[in-house]
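In: For reference, the sequence and a predicted model appear below.
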Amino acid sequence: MEHFSKIFLSRKKAKRLIRMTAASLAVLLAALLPSGAGTVRADYRYDSFGNAIPSQYSYVAEADYNGLQLGVGAFNSPTDLYVGEDNLIYIVDAGNDRIVILDEEYQVRKVVEAFSMEGEAVSIKGVTGIFVHTDGLLYLADKAGGRILVSDQDGNIVRCITRPDSALLQESSTTTFLPRKVLVDSRDIIYMLSENSTQGAYMIDSQGDFLGFYGRNEVQLTFRRLYELAMRRFASEEQRSKMQNFIPVEFANFDIDQKGFIYTVTAYSESPSSDEMVKKLNPLGNNIYTGEWLTWGDMPEMLGEKYIYHTTYTDIAVDEDGFAFALDAYSGRIFWYDDVGCQQAVFGGSGAYLGAFTTPAAIDTLNGNVLVLDSAKNNITVFEPTYFGGLVKEAFLMFNKGLYAESRELFEEIVRMDANYDWAYAGLGRAYYEEGEWEKAKECFERSGVATGYYSEVKEDLRNRSLKENFTGIFFGIIIGCFVLIIAGKLLSAWLAERRRRVQV
Amino acid sequence: MRRPGYYSLMSKYLYPFYILIHPADGFREMKVNNKFSMRFANGVLALWVLLGILDWGYVDFDFKTTARQLDGNVNIFQVLLTSVLIFAISVVSNWCFCTLMDGKGRIKEIWVAGAYAMMPYVALGILRVGLTHAMVSSEAVYLTYLNVIGILWSALLVFIGLMSIHDYSGPKTLMSIFLTLCGVLIIAFLVVLVSGLATQIYSFFATIYYELKLRYL
């Protein structure tokens, strides 16, 4: 022993070394490991310059649940998740050929293991989308079977909707009938997204008749398209057939809110410009997310990312307050938009820790929480709003309802906690404006950078007010100014004449 | 036609304002009677620099359109580059070409005539920046008009000024202006080339110095 310590270290020195190592390891671990509730990298938000600005945490992952924890056996590649009106969570566990129903407390309510249609067993392994109607019926989009299955809560399939026989729906490569996602509106009209179909959503009425297409993205005219269009004129028939066709990109997914607006997401592609990545469609199928300052998706070059990637939206969920959460399958990030499309925060991420995803498949909301289903991690993650997130929700809810003055204190608190919040400054300015504090409102709108319209309005009001108040001064000022100018002109010309006479003499 | 000699009696500093409204007579008189003020011309150029600064950093938020206006950090060198430096290069270039093309103008005359010609643009520009604080974005079209009027007026003055200074015909003036623009591009190219080479030479010697320093010092 004596020998050993002589060769290496004295005991005292050894202890010190161990202590130091432990201390530095602890520091290292503290730096590496998540300090908060499953949140490692900062949430962010894009400002009016398009820079990604770190923000306060608005949603943090509180827990995740896999099948084993829930006591129903591990999930196997779940494909979709839906929260019904009854606040039950429906998970399509496609790999295990079952649907797992959870209640609000994340306890298993029911597992629907066997599906049967007219006494015959039906597999739901090919189901990629689920919607639960207010009457409790499950609408399952069976992509592999090319049909929509309508089942009750016990697995009895009451209806099976296959390709409608309609003159409007001619057989072509863009009118496939491979249902990926499905939803039903309050008029019992079924909206269905079909694989490879670029025509928009299929509208099918309760009798199973085809009504028409809904929504659809437009082909945008870009320089490349223009070039191809010009080239097409000179190309031979054979070359032309090999050229890319001008077809819009299909919707990745959609959701419906309580007012009947349908929200769609589209993965990035060159053809729909980024304006069309998230859309809120009114019943006519027109996009109403069309504000000047609205941006969709990530700008990786602004994030300092090593790889340039494009946001690949895979799902969107709208909560009861009208807030939309769009899920990016590539980066695992969730983009939070409010009722009018303003980006409020970006959270989540890619990784193995709590609050990050490897293959996020579906998103939905439950009692203000956000649930994300990961089909590779085979679990659902629950995000809860933080104090800050709750403030933001409350404030923008009031703001979008038109309760500007009432929302002032909330916006003041938001700005105090997160001074880089463009939309919050717009809200605060609007509150000041309602209260008649126009100078303060003007400052807020300028600080906001995205409230240009409001800024102009308040500036005009201020100008008109000061014109009214100082009318006498301005009026007489102009008259006196005219007199002064006339007299100065006369004096000047007299002086010039005098000078000319003197020189000529 | 007024009596000759009338305008020559006007003060040197009032005379440019006469040129604004009577450019053809004014520039000819200016050349014939040596009636130009270098000081006034440089004053106009200084105001041009001021306009550059104001337009960059002091436009009201409502009318900020470009990224650098929104950013608002004025870079004085960039302002000088886009106003006075370009002006100086253009004058030199114009003098170079017009000397070869039998132009009668001296470089001093070109400088002064050019500066006088910039007066409407500079004055209306400063007025425009001031008005952005009084007007709102729905009235932006008036400010655009102001800007366009300033540019057209100045362009006309440049044209007539050069014609008078060099004693050219109209088409020849247009030709000389075209050549001048080409000359500006050539000079800009040379400047970039020389500065690039100078940087390389500097870095070459700097490398040798560091090498020696690391080895022997």
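Out: Now that the structure is in, tell me what you want to look at. Keep in mind that this is a model prediction, so the values were computed, not measured.
In: how about whichever residue of the stretch 251-400 of chain A sits closest to chain B, secondary structure?
Out: Of the stretch 251-400 of chain A, the residue with the smallest distance to chain B, taken as Cβ to the nearest Cβ, is A:Glu292 at 11.9 Å. (Each C-beta comes from the backbone N, C-alpha and C, glycine too.) What DSSP: H, G, I helix; E, B strand; the rest coil gives for A:Glu292 is coil.
In: residue contacts, it?
Out: A:Thr452 (Cβ atoms under 8 Å, 6 or more residues apart in numbering or on different chains).
In: And it, how far from A:Val450?
Out: As judged by Cβ to Cβ, to the nearest Å, A:Glu292 and A:Val450 stand 8 Å apart.
In: mind listing what the closest residue to A:Gly84 other than its chain neighbours touches?
Out: In space, A:Gly84 comes closest to A:Val132 once its chain neighbours are excluded; the distance is 3.7 Å by Cβ to Cβ, 6 or more residues apart in numbering or on different chains. Neighbouring residues of A:Val132 by Cβ under 8 Å, 6+ apart: A:Tyr82, A:Gly84, A:Glu85, A:Asp86, A:Leu88, A:Tyr90, A:Leu138, A:Tyr139.
In: Same check on A:Arg408?
Out: A:Leu428, A:Ala431, A:Tyr432, A:Glu435.
In: next one: B:Arg128
Out: Neighbouring residues of B:Arg128 by Cβ under 8 Å, 6+ apart: B:Leu143, B:Leu146, B:Asn147, B:Gly150.
In: how about 10 Å then?
Out: B:Arg128 makes contact with B:51, B:54-55, B:59, B:63, B:135, B:142-147, B:150 under the criterion Cβ atoms under 10 Å, 6 or more residues apart in numbering or on different chains.
In: Looking at the residues you listed, which is nearest A:Leu496?
Out: B:Gly150 (27.7 Å; Cβ to Cβ).
In: what number of residues lie near that closest one?
Out: 22 (other Cβ atoms under 10 Å in any protein chain shown).
In: helices or strands up against whatever helix or strand it lives in?
Out: Here B:Gly150 sits within helix B:140-166, counting by DSSP states H and E. If you count contacts as 3 or more Cβ pairs under 10 Å, 6 or more residues apart in numbering or on different chains; DSSP states H and E, helix B:140-166 packs onto helix B:15-21, helix B:23-32, helix B:86-100, helix B:107-117, helix B:119-132, helix B:170-216.
In: Deepest-packed of those, please.
Out: helix B:107-117 (a mean of 23; mean count of other Cβ atoms under 10 Å in any protein chain shown).
In: So A:Leu284 versus A:Tyr214, what's the distance?
Out: Applying Cβ to Cβ, the value for A:Leu284 to A:Tyr214 is 9 Å.
In: Repeat that for B:Phe61.
Out: Counting by Cβ to Cβ - B:Phe61 and A:Tyr214 are separated by 41 Å.
In: again, but for A:Cys160
Out: For A:Cys160, the distance to A:Tyr214 - Cβ to Cβ - is 22 Å.
In: Look at these two and report which has more neighbours.
Out: Neighbours were counted for A:Cys160 and for A:Tyr214 using other Cβ under 10 Å; A:Tyr214 has more, 22 against 17.
In: Touching, that one and A:Ile262? I think so.
Out: Yes: under the criterion of Cβ atoms under 10 Å, A:Tyr214 makes contact with A:Ile262 at 7.4 Å.
In: anything in contact with each of the two?
Out: By Cβ under 10 Å, 6+ apart, A:Tyr214 and A:Ile262 have these common neighbours: A:Asp185, A:Tyr191, A:Ala201, A:Phe251, A:Phe254, A:Leu281, A:Pro283, A:Gly285.
In: So of those, which two are at opposite extremes in space?
Out: The widest separation within these, taken as Cβ to Cβ, falls between A:Phe251 and A:Pro283 and amounts to 16.7 Å.
In: Give me the pLDDT for the residue of the stretch 251-400 of chain A closest to chain B.
Out: We have a pLDDT of 77 for A:Glu292.
In: can you list the residues of the stretch 301-450 of chain A near chain B?
Out: A:Lys442, A:Glu443, A:Phe445, A:Glu446, A:Arg447, A:Ser448, A:Gly449 (Cβ under 10 Å from any Cβ of the partner chain).
In: Now do the same contact list for the first one.
Out: Pointing back at A:Lys442 there. A:Lys442 is in contact with A:Gly429, A:Tyr432, A:Tyr433, A:Tyr454, A:Tyr455, A:Glu457, A:Val458, A:Lys459, A:Asp461, A:Leu462, B:Phe61, counting by Cβ under 10 Å, 6+ apart.
In: For the strand or helix carrying A:Phe254, name the packing helices and strands.
Out: Assessed by DSSP H and E, A:Phe254 sits inside strand A:253-256. Counting contacts by 3+ Cβ pairs under 10 Å, 6+ apart, strand A:253-256 packs against strand A:127-132, strand A:179-184, strand A:190-194, strand A:262-265, strand A:278-281, strand A:313-318, strand A:324-328, strand A:360-366.
In: Report the rounded mean pLDDT for it.
Out: 92.
In: Only alpha carbons, please: show it as PDB.
Out: C-alpha atoms of strand A:253-256 as PDB (Å, rounded to 0.1, in the frame of the first residue of the first chain):
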ATOM      1  CA  ASN A 253     -52.600  17.200 -43.100                       C
ATOM      2  CA  PHE A 254     -55.500  19.300 -41.800                       C
ATOM      3  CA  ASP A 255     -57.700  20.000 -38.800                       C
ATOM      4  CA  ILE A 256     -61.000  21.700 -38.200                       C
END
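In: Measure how far it is from the centre of its chain, please.
Out: 12 Å (Cα atoms, centre = their mean, to the nearest Å).
In: try stretch A:369-378
Out: On Cα atoms, centre = their mean, the centre of stretch A:369-378 falls 17 Å from the chain's centre.
In: still on that earlier bit, filter the contacts of A:Arg408 to the buried ones?
Out: By neighbour count, with 16 or more other Cβ atoms under 10 Å in any protein chain shown, the contacts of A:Arg408 hold A:Leu428, A:Ala431, A:Tyr432 as buried.
In: Can you name the residues that contact the first one?
Out: Applying Cβ under 10 Å, 6+ apart, we find A:Leu428 in contact with A:395, A:399, A:404, A:407-412, A:414-415, A:421, A:440-441, A:443-445, A:447-448, A:451.
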